[in-house]
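*Asks:* Prediction below, plus the sequence it came from.
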Amino acid sequence: MMKDVLLKISEGKTIAEIAEELNMEYSAAIGIIEHLVKLGYLEERKRSDEESKICKSCPLYKVCSKKEFKIYYLTEKGRKLLRID
């Protein structure tokens, strides 16, 4: 299951999409992702300054629930597991 989640992240899927596609609870997907980070297969990053500037220019910024989101990237270890070069 962890490898399936890792593959979905490599495809650019959101956590909600991963949970739906793998028929699991959202909280279970988050738990697996957090475990993959601890194991070194994923790296967690926050939005860049440039991305933040773009968001702040949006008229819905003040009511948006996505102000603080995380982005997950495969580490070299994660790419090796999936054999992605």
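*Replies:* Great, that's in hand.
*Asks:* Show me the strands in this protein, by range?
*Replies:* For the chain, applying DSSP state E gives strands covering 42-46, 70-74.
*Asks:* by contact count, what packs against the first one?
*Replies:* Okay, so that is strand 42-46. Where contact means 3 or more CB pairs under 8 Å, 6 or more residues apart in numbering; DSSP states H and E, strand 42-46 is packed against helix 26-38, strand 70-74. For the C-beta atoms, the positions are set from N, CA and C on the backbone; glycine is no exception.
*Asks:* and if we set it to 6 Å?
*Replies:* For strand 42-46, the packing partners by 3 or more CB pairs under 6 Å, 6 or more residues apart in numbering; DSSP states H and E come out as strand 70-74.
*Asks:* what angle separates the strand it packs on from strand 42-46?
*Replies:* Calculated by axes from the mean of the first three to the mean of the last three CA atoms, to 10 degrees, strand 70-74 forms an angle of 150 degrees with strand 42-46.
*Asks:* Neighbouring strands of strand 70-74 in the sheet, and parallel or not?
*Replies:* The pairing partners recorded for strand 70-74 under DSSP bridges are strand 42-46 (antiparallel).
*Asks:* can you list the residues that contact the partner strand?
*Replies:* Identification of contacts with strand 42-46 by CB atoms under 6 Å, 6 or more residues apart in numbering yields 36-37, 70-73, 75, 78.
*Asks:* before we move on, the earlier item: would you mind giving the strands of the chain as TSV with mean pLDDT, distance to residue 20 and mean neighbour count added?
*Replies:* Shown next, in TSV, are the strands of the chain (pLDDT from 0 to 100; distance: least, CB to CB, whole Å; neighbours: other CB atoms under 10 Å):
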stretch	mean pLDDT	distance to residue 20	mean neighbour count
strand 42-46	87	19	14
strand 70-74	86	17	15
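*Asks:* out of these, nearest to residue 9?
*Replies:* Closest to residue 9 of the strands of the chain, according to CB to CB: strand 70-74, at 5.3 Å.
*Asks:* All set, thanks.
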